[in-house]
Structure formats: structure tokens, C-alpha cells
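Colleague: take a look and give me a structure for this.
(one chain, ligands or ions: 2)
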Amino acid sequence: MTSSIDHAWTLAKERFAQLGIDAEAAIKQLDSLPVSIHCWQGDDVAGFENPEGGLTGGIQATGNYPGKARNAQQLRADLELAISMIPGPNRLNLHAIYLESDNPVPRNEIEPKHFTGWVDWAKKNKLGLDFNPSCFSHPMSADGFTLSSANPEIRQFWIEHCQASRRVSASFGRALGTPSVMNIWVPDGMKDVTVDRLAPRQRLMSALDEVIAEKFDITEHIDAVESKLFGIGSESYTVGSNEFYLGYAASRGTALCLDAGHFHPTEVISDKISAAMLYVPRLLLHVSRPVRWDSDHVVLLDDETQAIASEIVRHNLFNRVHIGLDFFDASINRIAAWVIGTRNMKKALLKALLEPTDLLKKLEVEGDYTGRLALLEEQKSLPWQAVWDMYCQRHDVPVGAQWLDTVRHYETSVLAKR
Ligand SMILES: C[C@H](O)[C@H](O)[C@@H](O)C(=O)CO
Ligand SMILES: [Mn+2]
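Modeller: Numbering: from 1, shown residues only. Ligands and ions are numbered 1, 2, ... in the order given. Reported below is the predicted structural model:
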């Protein structure tokens, strides 16, 4: 018997075919686009190094929803549940503070052996791993500076942490056969009017050069650098600004990380993709949702998420853009947060793949902006959701909001007992 999902899919396929769009090909392409799910939504960026220590570096996870993961086993179990409700390929993005060790490990001495639990788990769950040095929530970052610190001891400590992190990252790539994208974000900045804005940037530049000096094969490890506009406590000056890192990535050939929450409220990263791609080899995206500031709300299927996905698809940037997520909301069920945000990112990619881009470009070139606007608006109500449902069905993950029942059951049977 044909189910309503099969029936809707057949009709949707026909409808898209009338516009010259191959819905089957769109699904196939979506299957080649992994989304890197960030581990830190699961425990409010606490990590396992010093979970009771405060979150510093100008970022905040607000909310007090019960049941957060307290150790690697819990975090992995939560992630497994989330991933079972997200269709298609995924990766896991780890921060260095999620290491596993019986004894305290100084951050500048982390090694691949501290992450074998994650690598084994990633293998079992067919996930690639990405990585991040953690240059925050540590006594050596207490005065607000890390790689750009004027104190040579502090600077050296963070250089060594980032160097050690690259070795961990490359070990992930080797073990899993897919390059680990390692993103460097440092919180360095000043709360108030800053007199010497140059010297910290000079120090950051040469520290980063030391960090990336060791060569790794691109099949194992990719460096990325992430800019920011401001943080809590560094409102007036951020050493690693957009201009700083755009120049750094372009001149050193690293990837540039664009975080949707790291710009002025009226700026959007969707508009930066095509510009930055002319100068840098690769982009890493931290898809997030800033609400008035870098609040890291869960990603919605909103205009900006759609615009980001459309930029990747319209310019065929599949091999040069790495899609990662970066939100941490502690006010709602954390597993639901992963599921909602990741499914939305994938829905946006699917919608972009179902767009009659050639036709739209033709209208644009011909100056038919009326036709362009009319088609762009009409396509919003095309039956993409029937294609999404089929995609979920084929991946054996819940269609529609049924996944919420599973999350609620897990909440009462597992999370409530933590
Ligand atoms: C955990 C942080 O969100 C992350 O490392 C960084 O990407 C960031 O966006 C800081 O604002
Ligand atoms: Mn980010």
C-alpha cells in the first residue's frame, strides 16, 4: 500500500520536474553534505576538564534546563539519540576541553590518546570528527588575552595548546580517513577604549604563524580561524576581528570561519561567502542565531539560514565550504536543540537544492527582476516538505515532529535521573 509520504513524494517529484528540477538528484546531493554538530550544546560548553569551573571568554550559555550531560558517556548517549533523529551525513565537532583522562592534563600537553574514546565512538557511528583548541575557561586566559597576550609565558602556553590541538586534529583525520577541520577562536580583547590596537594584533599574527608552522597533509587536517566582533567583557576591542582574520586566512591559505553571530546585527554571513571565497581556499561556517547579540540561539529555518544554504548551492561551493553549527541554549532540552538546529540546516540545504537556479540566473542576466522576484517567492510554497519527508523516511529517521515524543521519553527515563 502506498503511504501518504510516498504519494506526496511522487506528486512533489512531478511538480519539481515541471520546473526542470530533479528531486532525486537533490536528495543525492544532500547526502554528500555533512553537517558538523557541535558537542558543546550538550553540556553548556562545560567540558570534562573542569566542569565546575565557570564559562569564560565572553560567551554565555543562559538557562538552567535539567539533565545536561556530565561526562563523556552521557554526552555520547545524548548525541547518539540526537543523531538518530537527523537524516543524512553528520560530523562531530569537539572542543579540547572534552578530553578524557583519569588525571588532570595541562592544555598544552593534550595528546591524541586523550581522545581515543571519541575516535572509537566516531568510527562506530560513522562520523567524521572536527576539532577546536579551547582558549577560554582557564586561569591562563583570566586576564582576557591568550595568543595575543603581552605576557610571553601566557602566549607560549596557548601557542603550545594550539600546536598540541593540531596534532590531535591530524590524528582524527588519519584515524577516520576524513580531514578534521580545526578552528582557532581566541577571546582576546578589551572592555574599554584601547590605545594600542596594533601590538596585540602583531602578537596574534606571529603566534598563529608559530601555531601553524608544523605541516600536516590536507587529507588529515585543515586549519581555520574565526573572527568576532565583541564578547562580554571585550566590548570595545577584539584582537581577532574580521579584517584581521580575512587577511590572515588569505595570506596563509587557511580556511576562514564565519560565525553568524560574530558581526554587527545588520550584517549577514550569507553575503560574505561569495566575497571571501575569492580570496581564501575554504570557509568554515558556524551557523548560529544571534538575537540582538552573539546569543547562540538554536538555528531556525529562517531567511538567513536559507540564504547561507543558497549561497553554498548556487555557487557550487560543496567542496570548499565546511558546514558547522554553533549554538548553545541551556533553557530548553539540549537534545531537542541539536535536532531542531541540525534538521533546519539540512532543510535549508534541501530547499536550496530544489531551486531552479539556472532559470533565476537567466532572468537576472536578462534584467527581468520582476520575474526573478515572482519565481523566488513562488518557490517558497513548492512542495519541498514532501521531499524532506521522503529523505527522512529513506534514512529511517522520524518524519515531522514525531521525534519529540522520543526526546520527551528520554527526558523522563534518562535525563531526569542525572
Ligand atoms: C564555544 C564557542 O562558541 C566557539 O568556540 C567559538 O566558535 C565562538 O563562536 C565564540 O563566540
Ligand atoms: Mn563560533
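Colleague: OK, contacts around the residue of the stretch 301-418 of the chain found nearest ligand 1?
Modeller: Residue of the stretch 301-418 of the chain nearest ligand 1, by C-beta to the nearest ligand atom: residue 326 (5.0 Å). Where you see a C-beta, it was placed from the backbone N, CA and C, and this is true even at glycine. Listed by C-beta atoms under 8 Å, 6 or more residues apart in numbering, the contact partners of residue 326 are 38, 259, 260, 261, 286, 287, 288, 296.
Colleague: run the last query once more with 7 Å
Modeller: With contact set as C-beta atoms under 7 Å, 6 or more residues apart in numbering, residue 326 has these partners: 38, 259, 286, 288, 296.
Colleague: excluding chain neighbours, what is closest to it?
Modeller: residue 286 (3.7 Å; C-beta to C-beta, 6 or more residues apart in numbering).
Colleague: still on that earlier bit, from the contacts of residue 326, which land in strands?
Modeller: Counting by DSSP state E, the contacts of residue 326 place 38, 259, 286 in strands.
Colleague: distance of the nearest residue to the second one once chain neighbours are set aside from residue 263?
Modeller: Leaving aside its sequence neighbours, residue 259 sits nearest to residue 286 (C-beta to C-beta, 6+ apart; 3.7 Å). Note on residue 286: its distance to residue 263, by C-beta to C-beta, to the nearest Å, is 11 Å.
Colleague: those two - which one has more neighbours?
Modeller: residue 286 (24 against 19; other C-beta atoms under 10 Å).
Colleague: would you check that the more buried one makes contact with residue 327?
Modeller: No: counting by C-beta atoms under 7 Å, residue 327 is not a contact partner of residue 286; they are 8.9 Å apart.
Colleague: pLDDT value on residue 1, please?
Modeller: Note on residue 1: pLDDT of 62.
Colleague: over to residue 51?
Modeller: 88.
Colleague: how about it, nearest residue that isn't a chain neighbour?
Modeller: residue 70 (6.7 Å).
Colleague: what is the burial count for that neighbour?
Modeller: For residue 70, the neighbour count with other C-beta under 10 Å is 13.
Colleague: do residue 176 as well
Modeller: 18.
Colleague: can you check the one 5 residues further on too?
Modeller: When neighbours are counted by other C-beta under 10 Å, residue 181 registers 26.
Colleague: and it, what does it touch?
Modeller: 130, 222, 224, 255, 284, 322.
Colleague: repeat that for 8 Å
Modeller: Contact partners of residue 181, counting by C-beta under 8 Å, 6+ apart, are 36, 130, 131, 222, 224, 255, 284, 322, 324.
Colleague: by neighbour count, which of these wins?
Modeller: Highest count within those by other C-beta under 10 Å belongs to residue 130, 29 neighbours.
Colleague: for the residue nearest to residue 51, what are its contacts?
Modeller: Residue 70 makes contacts with 43, 51, 418, as judged by C-beta under 8 Å, 6+ apart.
Colleague: tell me how far it lies from residue 81.
Modeller: Taking C-beta to C-beta, one finds residue 70 at 16 Å from residue 81.
Colleague: likewise for residue 155?
Modeller: 41 Å.
Colleague: cool, residue 52 as well?
Modeller: Residue 52 sits 25 Å away from residue 81, going by C-beta to C-beta.
Colleague: more neighbours, the two?
Modeller: The neighbour count for residue 52 versus residue 81, taken as other C-beta under 10 Å, is higher for residue 81 (18 against 5).
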